[in-house]
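Engineer: Here is a sequence with its predicted model. Questions after.
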Amino acid sequence: MKRVTVLLGGLSAEREVSLSSGTQCALALEAAGYEVSRVDPGADPAALIAALRAARPDAVFNALHGGLGENGSVQAILDWLGLPYTHSGVRASALAMNKAAAKAAFAAAGLPVAEQVLLDAAELEASDPLPRPYVVKPVEEGSSVGVHILKTGDNRRAEIARNWQHGGIIAEPFIPGRELTVAVMGDRALEVTEITASHGAFYDYEAKYADGGSRHTLPAPVHPAIRAQALDVALRAHRALGCRGVSRADFRYDDTSGEPGRLVLLEVNTQPGMTPTSLVPEQAAHAGIAFPQLCDWMVRQARHDGPRAAENGSRQHAA
């Protein structure tokens, strides 16, 4: 594979993150020797198809975040075109993007998850869905877009509900403690990172992407049993959703009553950030994998599930 098209930008609430991720990945792939083109998809699938056909890539590096780029829609277009692409396919992408569906898959696999309540904005405006403190978040968004923590005495609930613009809502008990994350690269969980938001709140959008917004401690200073569990659960979650390539599992670690404490899986990101402050490149570097090498590996792992893939599988089976 020599020609790679990087998909970046898009129309989701995470557009700016995607532009940063895609630009960094494109530069890394050029450094690795690839001929790179860039496509910023708009609302018209026909225009995206035309742009990809004009670029004639050997593979597509999907650096989109959120929305159509992460929920399986773009993956379906690439499958239909028969273009190999990085990250997960349609089913895993759609499952992971829907937090309720993903948690059902995790629970079925015996992974540690928190209880959840699904509701709409009108129900949230009317009453608390859970005892406080609890967290509300969009069923389908990433990068902590639309996430709010409601504690005792907080009177923002009705205002949050009236201004809600993210579709369905999922409510979960707020889990005290620490924020951990684990990157998975194929069949390997890389390491555990602890994330501390610099402004003292939770790991929100600003903490994730602003310069100095968070502090990453790698490896995380956690009990050895929790490190082993986090690595194991991240890999099992990757497999439970049917992910491929790179993913990142996010956890809350409640050690407020002492160690080893309790680990809770929050979600799996099938399109984790690849910006200068992102966690996956950081964990890969810790494992001795330079960023151009990481991007090259992702391209080499690229595949599709379209008609040509089925034809190739039939030929191999017949052989």
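Structural biologist: Arrived safely, thanks for sending. Numbers count the residues shown, from 1 in each chain.

Engineer: For P176, give its distance to R252.
Structural biologist: Taking C-beta to C-beta, to the nearest Å as the measure, P176 and R252 are separated by 8 Å. Glycine gets a C-beta too; all of them are placed from N, C-alpha and C.

Engineer: So for these two, which residue has more residues nearby?
Structural biologist: Applying other C-beta atoms under 10 Å to P176 and R252 shows that R252 carries more neighbours, namely 22 against 13.

Engineer: what about G242, distance to S88?
Structural biologist: Distance, G242 to S88, using C-beta to C-beta: 7 Å.

Engineer: V139 too?
Structural biologist: In this structure, V139 and S88 are separated by 18 Å, where distance is defined by C-beta to C-beta.

Engineer: what about the two, which has more around it?
Structural biologist: For V139 versus S88, the count of surrounding residues by other C-beta under 10 Å is larger for S88: 27 against 19.

Engineer: Now for the more buried one: which residues touch it?
Structural biologist: Residues touching S88, when contacts are defined by C-beta atoms under 8 Å, 6 or more residues apart in numbering, comprise 75, 96, 241-245, 247, 270.

Engineer: okay, the residues you listed in JSON lines with distance to A59, secondary structure and neighbour count next?
Structural biologist: JSON lines is the format used below for the contacts of S88 (distance: C-beta to C-beta, whole Å; DSSP: H, G, I helix; E, B strand; the rest coil; neighbours: other C-beta atoms under 10 Å):
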{"residue": "Q75", "distance to A59": "13", "secondary structure": "helix", "neighbour count": "28"}
{"residue": "A96", "distance to A59": "21", "secondary structure": "helix", "neighbour count": "29"}
{"residue": "L241", "distance to A59": "22", "secondary structure": "helix", "neighbour count": "23"}
{"residue": "G242", "distance to A59": "20", "secondary structure": "coil", "neighbour count": "16"}
{"residue": "C243", "distance to A59": "18", "secondary structure": "coil", "neighbour count": "26"}
{"residue": "R244", "distance to A59": "14", "secondary structure": "coil", "neighbour count": "20"}
{"residue": "G245", "distance to A59": "11", "secondary structure": "coil", "neighbour count": "24"}
{"residue": "S247", "distance to A59": "18", "secondary structure": "strand", "neighbour count": "28"}
{"residue": "T270", "distance to A59": "17", "secondary structure": "coil", "neighbour count": "30"}
